[in-house]
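> take this sequence and fold it.
(2 chains)
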Amino acid sequence: MDSDSQIEISESASQVPDFIRNSSSQRSISPVQSIRSKTSGGRSVREVGFSELGSKPVRHGSRGADSEGLSASYKEINDDDARLIYINDPDRTDEKFAFAGNSIRTGKYSILTFLPRNLFEQFHRVAYIYFLVIAILNQLPQLAVFGRGASIMPLAFVLLVTAIKDGYEDYRRHRSDKIENSRLAWVLVNEQFQQIRWKDIRVGQIVKVSANETLPCDMALLSTSDTTGVAYVQTTNLDGESNLKTRYAKQETQTKNPENEKISGVIKCEKPNRNIYGFQANMDIDGKRISLGPSNIILRGCELKNTEWAVGVAVYAGRETKAMLNNSGAPSKRSHLETRMNREIIFLSIFLVALCTIVSACHGVWLRRHKDELVLMQFYRKKDYSEDEVEDYNYYGWGLEIFFVFLMSVIVFQIMIPISLYISMELVRVGQAFFMIQDNRMYDTASNSRFQCRALNINEDLGQIKYVFSDKTGTLTENKMEFKCASIGGIDYSNAQDSTDDGQIGNSVQGGGQVLRPKMKVKVDPELLHLSKRKHTDEGKHVCDFFIALAACNTIVPITVETPDPAVNLIDYQGESPDEQALVYAAAAYGFMLIERTSGHILIDVQGERQRFNVLGLHEFDSDRKRMSVILGCPDKTVKVFVKGADTSMFSVINRSLHLNMLKVTETHLHTYSSKGLRTLVVGMRELSPSEFEQWQSSYEFASTALMGRAALLRKVASNVENHLSILGASGIEDKLQQGVPEAIESLRTAGIKVWVLTGDKQETAISIGYSSKLLTSKMTQIVINNNSKDSCRKSLQDALLMWKKLTTDSNATPGGSRTGLNEVALIIDGTSLVYILDTDLEEQLFELASKCDVVLCCRVAPLQKAGIVALIKNRTDDMTLAIGDGANDVSMIQMADVGIGISGQEGRQAVMASDFAMGQFRFLVPLLLVHGHWNYQRMSYMILYNFYRNAVFVLVLFWYVLFTSFTLTTAITDWSSVLFSVIYTSVPTIVVGILDKDLSRTSLMEHPQLYGAGQRQESYNRKLFWVTMLDTLWQSVASFFVPLLAYWGSDVDGSSLGDLWTLAVVIMVNIHLAMDVIRWYWITHAAIWGSIIATFICVMVIDVLPFLPGYWAFFHIAKTALFWLCLLCIMIGALLPRFLLPTHSRLSFVSIPKVLVLMDCRLLSFNRVSGLFAATRITHQQLPSNSRRRSFLCSPNCSMKSYKLSDLTSTEVESLKARPRIDFSSIFNVVQPIVDDIRSRGDAAVKDYTMRFDKVELDSIVENVNDLPDPVLDPAVQKAFDVAYNNIFAFHSAQKPVEKFVENMEGVRCKRVARSISSVGLYVPGGTAVLPSTALMLSVPAQIAGCKTIVLATPPAEDGSICKEVLYCAKKAGVTHILKAGGAQAISAMAWGTESCPKVEKIYGPGNQYVTAAKMILQNSEAMISIDMPAGPSEVLVIADKHANPVHIAADLLSQAEHGPDSQVVLVVAGEGVDITAIEDEISKQCNSLPRGNFASKALSHSFTVYARDMLEAISFSNLYAPEHLIINVEDAEKWEPFVENAGSVFLGQWTPESVGDYASGTNHVLPTYGYARMYGGVSLDSFLKYITVQSLTEEGLRNLGPYVATMAEVEGLDAHKRAVTLRLQDIEARQVSNLR
Amino acid sequence: MSSEDDSSQSHSKSKKPKYSRFTQQELPSCKPILTPGLVIGILLCFAIVFIPIGLITFTATENVVELVDRYDEDCIPLKSPHNSENERAGFIRDAGTNKTCVRTLIIPKKMKPPIYVYYQLDNFYQNHRRYVKSRSDHQLRYASHVSETKTCEPEATTNDNQPIVPCGLIAWSLFNDTYRFSRNDTSLEINKKDIAWHSERTKKFSSQVYPKNFQSGSLIGGGKLDEKIPLSEQEDLIVWMRTAALPTFRKLYGRIETDLEANDQITVVIQNNYNTYSFSGKKKLVISTASWIGGKNDFLGKMYMAVGGTSLLLAIIFTVLYLLKPRPLGGPTYLSWNRNRAAVRES
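Purely as a prediction, here's the structure:
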């Protein structure tokens, strides 16, 4: 083939012309292409003729070219951005010594630089600089307020400790560096490989690495021991992925042996960067230019595996290697609380400046007022007379004095800014992290991983999360792929069963005296297994191709693992994609075992026979094509291309002209699979003719060596060959949901956290996972946005917003009500739409919509879009976001969110490396957020407030004293106490409390996720609390300062003694303050608090026994006096009394909700609350939908009901009462859908199977012809009863017959409506917990009257397979034609689809359980084209009773519905006063206990309730709101209330009308709308079996009268043919009339 | 797919955190709850403790007999509006003027010994930063350190650089008024022994250090010291050097150790030497008995009664409210989201 064939390069990958056809025509070269090296022309491209197929392997170099997921951008290398490497010539390579050597230094310091650098690093912290500035100020003699030692000590201490810690760490790093640097490697020196130390390796040198050795630097591969140039590396150290990755040496260099022949060439590659998945370079060697990609480089830190040796040239060394560049940690985030805290710090700073200003200003005034006296004043003495020359002593003029006083007051009041708080916070966070890591409940046994805290500064953010963004695969699901089913050649094989252990035939192969067995076992479908062995049949061939495709079309590397049994070896399939692993294991299970893979060939054991396939080409998966393909030279000398990929991308390349039927069936199968939540892949194949192959090959060679736009070129080549495929089949892989995910999501949502799922999966898969994980419920309104343009996106968003508004106004019909759980909205949006929305003006609209939705599901999103969505929320609200994911594609999202959590799962450690916290399972999010997050937040916010208070109180005490010292900053409290105050006296208790205190127990927090809301609403730390605390601080400081001051006023007390009193007073006070706020006292807390007080006493004593201090012995003198102790006592009580009494005093007020729980925790049941006084704070919690768990919490387990008083309830609460116990259809749908599908495809057989499975009855035939059955013999009394019922029902329904009559609207225009029966109807008579022959009557009688031709009655058979004889009797009497002996969803499906024996019906009637209802709902919307009578739910009754009603009757009526089933609901509405409710309750218990179905009844009663209404009007209006199925009005003059009833299924008036009469024999129908549907449906009636046809007939006159109007209207609508149909006739009439006239 | 037992897995060590009540945050703890009953109880306790203490303290201070006589205005012939402060200060500083002043005091109630004689200075900032720093504790303590006067500026050395002992502003400004008491013309003994703290006489002021170069400069701040008496016995100095906490302070002058009857007439001969006129300070002579709680300061007694009274009042109010409006059991029904389930009544 002409190698100069020119190819058009179209950068838009979407429409790729079929270049094989075009390649012969001369096209112009695009400018980009002109750089192409000339040498790549000529005949240098290796040709692979068919004759030599397989002998010489063709390599496939596209690996990695497109698979870079995240950040690699493929710009061409400029000379500026490149480094040139002369192979085997390090001196020339690194002429300027600009490249790093290979020695690494992770240590930061050397002995010389340690001190300055460490100090420099430490002073990066603002806090330390503040410390330092203050300390330096204090060193100035004019400002020396504190003793110099005292002021420097704390800073010096902190610096020293940190320095020692840093020094030790650095020492360890140095040691490991030394070990690392002196490892040995084989390097080519003087044409010979010699061992040199790692640190001496230089860029450009050739290095040889043997198997299982670690790579010393980043190297471009030259050659490997494998003839095809493959090397396998394990990258665990780099990214944590334990599977093997394949790397390739270029063919041009593979053959060279550097020891024998000198290799010289130049590699031009990128500058060092940290992208471990990207590399781009060109290599000029032997006059040829070849390109190198990420698949040609092996990185430092990886290990060489399964390859004897590999030779490469060092391209990056030492700190420039990708591993080292990636060594830095995740970017640090700042805690939200800390950010908010800084705002308060600014207040404190302002406060500090204010204090200092006051002091300095007052001092200025004082100086001015006494300026004449200063010289002589004994205590000032401005002048120094000791020298001959009298000069000012320490006096610098009025202005400067004021300034100095200002600075001095800054020094004295410095702890107003609680610098120690920053250190305490770090210690507390370490403690909290310790507890999180140690938590057993967050340990994952499966992956043996603990919780990890990678970021230490955002612990408390965990307590304030509002949004959770979750990845799906690997996070919600396990990412353990399991091959579930396949559709091959249009046949669905999904009956996988466990293969028995002894039946190893298909599961292991003999090879060289050894048995090879795959490591994983797969469940196999016996039918398919059987089929796969019959290769000679067409079907067999098809299956065979399918499995060969599965086994071959992948990048899996089989690795043989030895087992203890020497005869058996296991094959472990290693690969990057778990889907592929699952497929290969599946193929192996069916006897197509991949044994060996090299780059040139693969060996597959096909049913015991080893076959060698030559791999001629491989197009790897990329996200644009969404498919991969492999070109195989098969043993039968044919060349085939096997393709597998996502269904959307595959169906576009499949040849639709072939096997159209099969294609369609496969499509339905795919739909079924994905609705089950399976991941689907479609497999296709095409045989290539020699010419096609040749064309492909040359273009492939060309593309893979191209320098520019190689990825696009390769993609194009792939697209060209992946075409006109014939379909082989499809596979379904299950991605199992992780343990506890639905529960976790439910808890999170109850906690008020919005959970968003962002996944790369298909919409169907995502939705099905959404359902199974309880994210979506059938109650939710789904808004789906799938658009392809910006405009349509805009429109969808607007529509969606409108819809949302409508929904909310609907549910808020009553003003003031909040949204109930019934109107939740889920937004489902796909990646394509997001492309048009994110980063455009539509973002705002999306945000508006999304923030209103309860659930957001984004499917098909790219990694960067994930981050975009997080940013959407993060940038627009203050709400905290959390992202959780496990894969590299989640990294951007994890780093974007306020809190990023990595799941240490299957997909490597990229996410974990980027995350702030890492854990094993999604469900740990619940304890992490609800428990630890809550605690962390509470503890931290309390600690911050407390520290503010603690320091401010001390500063204020100092300040008050300054006012009494003529504003000269004398402190009565000694310098040392001032310094030790925040170091020793008070620091330990706050840290201990910050680590240990728990406001609520773990149990309470887990049981009531709503408690989490406290953090979201920032209840523990907000501005109000701050100011309240500051007020309290002011009071306490006043009390603790002025009590001693006034008590000692005018006495002979000295400064030191009073100072000691103040010191002790403040320290004891702040510690007791803390003690009052501690909720749980551990012995450690006791030790810390009381210990601190004791330590303070000891410190004060020690300071006072130092004779060189002026306060010598002061403490011992003052402590001898009673006044001292009385002062202390008085201060404590006086200062803390307000805090003790005011409810705002702490996190726990007397009425706050958590307090109630604290009490629960304490099991203190006799808690009474004092009203009013303590009711100052009331924490409002959002209203939450009811929930059965919580209901059950409230009611006792016996036969009793809850009661409400209507007049006390708000409209919302009334609304919530009308809600029925919720049925979650999502899980039911998942059960029912497969049954429906199965019946459709297998018919009778499937019905039999399900009847066998569910009803335990084996049937020969499922349908009986009623006429063929013998008449049943009934007990005469029973027969009589049914006869009476039949007659009544017949009479009542006959009367409903419509009257036909013509209406003559105009003269000659006659219309009428005629009724015709629905010809074929299906009646469902439930069996289940009660046999209901009455239902048979209720349904079949109207059908009979209507005249339906085919009436199929479905009812579950009795255990012996017979039909209940009463049902049969009724059926016969009412003209039923067929009886289907089946129940449940299968019966409904059989009637809807029609089977071999069961006729297809048009409409299905009858009540049933949830499965029946679900089946009806599914089928109504399916292709079965059936109609249903009405949505059905559990039975219910509402009884309105007044004082005239008999309690016994009421109780009996209530129980008559309650006994239907546990999900029934009964409501008693008591109208007016004087009803003996206790009598009714007693009666209910009494009757309930004596009923055989009493347990059902009591369960039903547990979610039923009594409502008290003021009068009948209120009672009826509640009933109308509730819309009950049965309404019993058991009051005086019941008839007069009938006109008021608006919504009800059937009404029973007066005390003598029990509901049962309607159920059986009064004549009315008992198939009635439940569940509130009585608002819009009526019960089954004759009309239900009829449809109406309208008939019109016009006379000539009629048309003349009407025609012109019709013509006019048709003209308006522009429908000329309509018009003509009239006008032509009218013309005829006219013509005739004219002719008649003649 | 079911994974076969991974042999390597079972060998590797489980990282499961070891269970301990500490690491799982399950340490036993005690959770005191402030129930209204407890609150009322505590308040009552406060009342019960505080009111008696207040009463006792108050009576104790009431029984103290105290005489205060301000003499700085009366004991100087130059009267304030006519003579400037400088003239008055000049009069005091002039060694030649007669500063003797006689005051007569009537004892209002019987006083029992020990009767303390104090001098009280008002508006004298002994806690002024310049003042309190200006001393050398080393010099006072060790004879060998007498020249350590660096901290004593501006009274560190004489003009010829001899160290002043005791140096510093505090010592320099030593109070030097003297009082001589007589009752009904018989002189009344004032015991000036042991007026300073024992700890200071023994440890802080050395018996080896003698005053030197004291008050030898041009500006005399106050009293002079007998250079033959060691510092440890200069009790007036020791008392003076224990600086007062507040700008109004008393210092012990001596003790009268005989009974003083009511209506006894006490004549005090005062040498009005100390200059308070330069900064409008006040000088007072105080004769007072002492109780166990100290001098005649009833603040603490009143404070105790106030706190006790408040507690009692609150306790009563709470009790009334508690009896009038008792609340039903606490429990999960009080959680707001359950409260919304409305007026739940178990029936």
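
> is the spatially most central residue of chain A in a helix, a strand, or coil?
Closest residue to the average C-alpha location of chain A: A:Ser470 at 2.8 Å, with C-alpha atoms, centre = their mean. Per DSSP: H, G, I helix; E, B strand; the rest coil, the secondary structure class of A:Ser470 is strand.

> quick one, what contacts it?
A:Leu476, A:Val755, A:Trp756, A:Val757, A:Leu758, A:Ala883, A:Ile884, A:Gly885, A:Phe922 (C-beta atoms under 8 Å, 6 or more residues apart in numbering or on different chains). C-betas here are computed from N, CA, C, even on glycine.

> go with 6 Å
Going by C-beta atoms under 6 Å, 6 or more residues apart in numbering or on different chains, A:Ser470 touches A:Val757, A:Ile884.

> show me what it is bridged to.
Taking DSSP bridges as the rule, A:Ser470 bridges to A:Val757, A:Ile884.

> let me know the distance separating it from A:Ser778.
A:Ser470 sits 21 Å away from A:Ser778, going by C-beta to C-beta, to the nearest Å.

> any chance you could map the strands in the stretch 1301-1450 of chain A?
In the stretch 1301-1450 of chain A, the strands defined using DSSP state E, counting those that start in this stretch lie at A:1303-1306, A:1309-1317, A:1320-1324, A:1350-1354, A:1378-1380, A:1403-1405, A:1427-1428, A:1436-1441.

> can you check the stretch 151-300 of chain B too?
Counting by DSSP E, counting those that start in this stretch, the strands of the stretch 151-300 of chain B are B:178-183, B:186-188, B:190-191, B:249-256, B:265-271, B:282-288.

> quick one: which of those strands is nearest chain A?
Chain A lies closest, by C-beta to the nearest C-beta, to one member of the strands of the stretch 151-300 of chain B: strand B:249-256, at 4.5 Å.

> who are the packing partners of the closest one?
strand B:115-122, strand B:190-191 (3 or more C-beta pairs under 6 Å, 6 or more residues apart in numbering or on different chains; DSSP states H and E).

> and the stretch 1-150 of chain B, which residues reach chain A?
Residues of the stretch 1-150 of chain B lying close to chain A (C-beta under 6 Å from any C-beta of the partner chain) are B:1-2, B:14-17, B:23-25, B:27, B:29-31, B:33, B:36, B:125, B:127-132, B:137.

> these in helices, which ones?
Members of the residues of the stretch 1-150 of chain B next to chain A lying in helices (criterion: DSSP state H): B:Pro36, B:Arg129, B:Arg130, B:Tyr131, B:Val132, B:Asp137.

> secondary structure class for the nearest residue to the third one once chain neighbours are set aside?
If you skip the residues right next to it in sequence, B:Arg130 has A:Tyr380 as its closest partner in space, 5.9 Å away by C-beta to C-beta, 6 or more residues apart in numbering or on different chains. In terms of secondary structure, A:Tyr380 is coil; the call rests on three-state DSSP.

> A:Lys256: neighbour count?
18 (other C-beta atoms under 10 Å in any protein chain shown).

> and for the one 10 residues further on?
A count of neighbours around A:Val266, defined by other C-beta under 10 Å, yields 17.

> next up, the contacts around the nearest residue to A:Ala446 once chain neighbours are set aside.
In this structure, A:Ala446 finds its nearest non-sequential neighbour in A:Gly920, 6.8 Å apart by C-beta to C-beta, 6+ apart. Contacts for A:Gly920 were tallied using C-beta under 6 Å, 6+ apart; they are A:Asp444, A:Ser447, A:Ser449, A:Ser904.

> rank the residues you listed by pLDDT and give me only the lowest.
Ranked by pLDDT, the contacts of A:Gly920 bottom out at A:Ser447 (77).

> give me phi/psi at that one?
phi -100, psi 10 (degrees, to the nearest 10).

> what about it, distance to chain B?
10 Å (C-beta to the nearest C-beta, to the nearest Å).

> what's the distance between that residue and A:Ser904?
For A:Ser447 relative to A:Ser904 (C-beta to C-beta), the value is 6 Å.

> so between these two, which is more surrounded?
Neighbour totals were compared for A:Ser447 and A:Ser904, and A:Ser904 leads with 23 against 16 (other C-beta under 10 Å).

> including mean pLDDT and mean neighbour count, could the helices and strands packed on strand B:249-256 go into TSV?
Listed next are the helices and strands packed on strand B:249-256 as TSV, based on pLDDT from 0 to 100; neighbours: other C-beta atoms under 10 Å in any protein chain shown:
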stretch	mean pLDDT	mean neighbour count
strand B:115-122	93	21
strand B:190-191	92	15
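
> with distance to A:Pro566 added, can I get those strands in TSV?
What follows is those, written out as TSV (distance: least, C-beta to C-beta, whole Å):
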stretch	distance to A:Pro566
strand B:115-122	105
strand B:190-191	109
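
> A:Glu270: which of the strands of the stretch 151-300 of chain B is closest?
strand B:249-256 (80.9 Å; C-beta to C-beta).
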